[in-house]
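>>> coordinates only, no sequence provided:
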């Protein structure tokens, strides 16, 4: 089990022994863009950058855009660090083949306060936890728990849809030994 104690500004992945991604913590001060570069190697990709994003330098794109999730995941996280005047042309994204996933992936963004997010496999194995602070986010691909640590903690939850209609149809409760002694809604 690990706690998100990566170097400042770096993302931390939580994976099972077989390599399956269970969670991805991204601190609010993320700055490690070169570890997650966009694909800008071919002349076609470079031409696309120049046309769609008004980016002339592929190196500048590598330093200011991070593709943090694998292409096959149903939720994609991309971080952009851009200066005033940067522009992305109007567009939308096509979904020709929805990703097949046994779980609905979810993102939490902490707006204020702090919360502890436990990260679990579908089988209930705890892989670790992260403490989210204002500006931090976490991608959860399998099991998770939330423990609010500060009064007035406010989070944004982004979840794959459509909603199945009820909590009973949406959630599978994990039976684990290590929950806080006091739990309240």
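Now that the structure is in, tell me what you want to look at. Model, not experiment: these values are computed from the prediction.
>>> what about residue 13, neighbour count?
Neighbour count for residue 13, taken as other C-beta atoms under 10 Å: 16. Backbone N, C-alpha and C define where each C-beta goes, glycine included.
>>> excluding sequence neighbours, find me the nearest residue to it.
residue 24 (5.5 Å; C-beta to C-beta, 6 or more residues apart in numbering).
>>> hmm, the one you found is touching residue 69, no?
Yes - assessed by C-beta atoms under 8 Å, residue 24 is found in contact with residue 69 at 6.9 Å.
>>> which one of those two is surrounded by more residues?
residue 24 (25 against 20).
>>> now the common contact residues for residue 24 and residue 69.
77, 139 (C-beta atoms under 8 Å, 6 or more residues apart in numbering).
>>> residue 79: what's it in contact with?
26, 30, 33, 65-66, 68.
>>> how about these, which pair is most distant?
Among the contacts of residue 79, the pair separated by the greatest distance (C-beta to C-beta) is 26 and 65, at 13.9 Å.
>>> who's more crowded, these two?
Neighbour totals were compared for residue 26 and residue 65, and residue 26 leads with 26 against 20 (other C-beta under 10 Å).
>>> next one, pLDDT for the more buried one please.
With respect to pLDDT, residue 26 has a value of 93.
>>> run through the bridge partners of it.
residue 137 (DSSP bridges).
>>> so it sits right up against residue 132, yeah?
No - checked against C-beta under 8 Å, the pair residue 26 and residue 132 is beyond contact range at 9.8 Å.
>>> shared neighbours, those two?
In contact with both residue 26 and residue 132: residue 138, using C-beta under 8 Å, 6+ apart.
>>> pLDDT on stretch 90-102, on average?
Computed over stretch 90-102, the average pLDDT equals 76.
>>> stretch 159-177 too?
Mean predicted lDDT for stretch 159-177 stands at 82.
>>> neighbours around residue 28, how many?
13.
>>> phi, psi for the residue nearest to residue 149 when sequence neighbours are not counted please.
With sequence-adjacent residues excluded and distances taken as C-beta to C-beta, 6+ apart, residue 149 is closest to residue 114, at 4.3 Å. Backbone torsions of residue 114, given as degrees, to the nearest 10, read phi -140, psi 150.
>>> next one: residue 94
phi -90, psi 140.
>>> which SSE is the residue positioned nearest the centre of the chain in?
Nearest to the geometric centre of the chain sits residue 139, at 3.1 Å (C-alpha atoms, centre = their mean). Using DSSP states H and E, residue 139 falls within strand 137-140.
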